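> output the structure for:
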Amino acid sequence: MLQKSAPQQPPPLRVLAAVLEKNGRWLIAKRKKGDRFAGLWEFPGGKLEQGETPEECLARELYEELGIRARVGRSLGSVYYSSPGFAIELIAYRVSHPAGSFRLQDHEEVRWVSPSEVGQFALTEPDKLLLEKLLTKDALEGT
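Residues are numbered from 1 along each chain as shown. Here you go, the predicted structure:
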């Protein structure tokens, strides 16, 4: 008897997220109209390209999307999100913003908000999972 197998989920897309912190506040960005996640907020970042390190990816994406130079620090962990036909591994890094004024390309707005305020914004589903992990991690580390 032949068994039908369930359709294979594609391998997760590796996406990097920058947790930019300044004066105890985190930067979040609102996706612009016409985008897949239009109107939703996220930690800025982007897709990891072949042959690129996570640090190179974040530095490139932050320059392309926000017009800033960034210094990428340590990894803060990752979350996995899956929906039908779409799966991502969202990997967060602590990032500092040493130079450059914001020049928005993929976002219509950015805001500096306290970690406790981030959840009041309409985040993408993967970013909701990441926020939950970051708040738990910060609570555990006392940062």
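
> which other residues reach the helix ranked longest in the chain?
Ordering each helix of the chain by length in residues (DSSP state H) puts helix 125-141 first. With CB atoms under 8 Å, 6 or more residues apart in numbering as the test, helix 125-141 has contacts from 15, 17, 19, 40-43, 76-77, 79-81, 83, 88, 90, 92, 115-116, 118-119, 123. Where C-beta positions appear, they are placed from N, C-alpha and C, glycine not excepted.

> narrow the residues you listed to those in strands?
When DSSP state E defines the strands, the subset of the contacts of helix 125-141 inside them is 15, 17, 19, 41-42, 76-77, 79-81, 83, 88, 90, 92.

> tell me which residues of stretch 30-47 are tucked away?
Across stretch 30-47, burial judged by 16 or more other CB atoms under 10 Å covers Lys30, Arg31, Phe37, Leu40, Trp41, Glu42, Phe43, Pro44, Gly45, Gly46.

> surely the fourth one touches Thr124?
The one in question is Leu40. Yes. If you go by CB atoms under 8 Å, Leu40 and Thr124 touch, sitting 4.8 Å apart.

> residues that sit against both of these two, list them.
The contact lists of Leu40 and Thr124 share Arg31, where a contact means CB under 8 Å, 6+ apart.

> quickly find the element holding Glu64.
Following DSSP states H and E, one finds Glu64 within helix 54-66.

> just the buried residues out of the contacts of helix 125-141, in PyMOL syntax.
Buried members of these, defined by 16+ other CB under 10 Å, are picked up in PyMOL with:
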select buried, resi 15+17+19+40+41+42+43+76+79+81+88+90+92+115+118+123
